[in-house]
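Engineer: this one's structure only:
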């Protein structure tokens, strides 16, 4: 099982409707591919964790990298894992504003103030750093 954590910058800010479409399409595709993970979006920055079988995930990541809606795709972590860290999420998603909680896969991760449940996980430390805004200047400065 492979896990990839990457960040990227939106070419232009996403509307709530565009974010909902992105989530629904990702959930559909990832369910078909048996890929799990979490996608965070905040003020034009994306952070995503994807997990799945190596060849499937590599092919998916190639498609993600070629997507013209974002650029500056930077792999933060690529590693083999024994078990999924986001197995309960077909594709979790977080938007900081008004995205309705009734959209399947919505999570309020960025608003949570406590530490991630399992802070020893490298992926969860990266997600926590994103939530705290540590990637903002890095993504915007390039």
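Structural biologist: Received, thanks. As the structure is a prediction and not an experimental result, all values here were calculated from the model. Numbering: from 1, shown residues only.
Engineer: Heading C-terminal from the helix or strand containing residue 41, find the next helix or strand.
Structural biologist: Using DSSP states H and E, residue 41 falls within strand 36-42. Counting by DSSP H and E, the next helix or strand C-terminal to strand 36-42 is strand 45-52.
Engineer: quick one: the strands in the chain?
Structural biologist: Here the chain has its strands, by DSSP state E, at 2-10, 36-42, 45-52, 70-80, 92-94.
Engineer: elements contacting the biggest helix by length in the chain?
Structural biologist: Using DSSP state H to define each element, the chain has its longest helix at helix 16-33. Other elements packing on helix 16-33 under the criterion 3 or more CB pairs under 8 Å, 6 or more residues apart in numbering; DSSP states H and E are strand 36-42, strand 45-52, helix 54-66, strand 92-94. All C-beta atoms are positioned from the backbone trio N, CA, C, and that covers glycine.
Engineer: in terms of contact, does residue 80 touch residue 51 like I think?
Structural biologist: No - using CB atoms under 8 Å, residue 80 is not in contact with residue 51; the gap is 10.6 Å.
Engineer: tell me, what's touching those two both at once?
Structural biologist: 1, 2, 3 (CB atoms under 8 Å, 6 or more residues apart in numbering).
Engineer: ok, and the most crowded of those?
Structural biologist: residue 3 (22 neighbours; other CB atoms under 10 Å).
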